[in-house]
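> here are the coordinates; sequence isn't available:
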Ligand code: HEM
């Protein structure tokens, strides 16, 4: 069997130990990745995987109903941003339906492309952690990279492959340590 070795134990808290919360600040995200040997470029590039997949309401509700201050930046002038809230609001009410899903990339939810970066430039990242890449980027370094990926998909793909290999090399288990799981959600029976 081929694959990356996983733990011989299954622990919910263990699995969540180094995973940043979706409402983390940019500073926390950068620090979290740094602790794993991943730099800011890896953070931005790997976040691009949010071009596919889904998230549950409880993880992004505050993006729909967040503080009024968001409006003060003038985002509601853009129809797309208003649509963003309207669509998500129809999936997730102010309270309840915590486990309902919305696509992380509302535009092309099932295609692995560079749409994620176009989305976050428009303030349309689903998670807080997507949104802060642009909103809290004080020196503009991240925004520049996001622009580069948004305008050059091949560049994103090349960087993504590089960062995935880097991430895949973290804490590799060898020899008798761990096992390759038949189903990644369960230890082998
Ligand atoms: C920057 C830090 C990150 C945060 C805060 C974050 C957070 C999240 C959250 C909250 C969800 C939705 C989970 C749910 O609602 O059940 C999610 C989904 C997902 N994330 Fe991330 N993530 C991060 C980085 C990454 C990285 C590095 C990758 C892989 C390279 C990744 C790939 C995915 C994928 C593919 C999904 C969709 C899963 C599915 O639909 O089953 N994320 N992420």
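Sure thing, it's come through. These numbers were taken from a predicted model, which means no experiment stands behind them.
> Apart from its neighbours in sequence, what residue is nearest the residue of the chain found nearest the ligand?
The chain approaches the ligand most closely through residue 53 (2.3 Å), counting by C-beta to the nearest ligand atom. C-beta: built from backbone N, CA, C; applies to glycine. Once flanking residues are discounted, residue 53 sits nearest to residue 104: 5.2 Å by C-beta to C-beta, 6 or more residues apart in numbering.
> pretty sure that neighbour is touching residue 48, no?
No - at 10.5 Å, residue 104 does not count as touching residue 48 under the criterion of C-beta atoms under 8 Å.
> Need the residues touching each of these two.
Common contacts of residue 104 and residue 48 (C-beta atoms under 8 Å, 6 or more residues apart in numbering): residue 116.
> picking up where we left off before, quick one: the residue of the chain closest to the ligand and residue 101 touch, right?
No - applying C-beta under 8 Å, one finds residue 53 not in contact with residue 101, separated by 9.3 Å.
> can you list the residues of the protein near the ligand?
Counting by C-beta under 6 Å from any ligand atom, the residues of the chain close to the ligand are 20, 22, 24, 29, 43, 46-47, 49-50, 52-56, 59, 127, 129.
> got a list of what residue 44 touches?
133, 142, 145, 146, 149.
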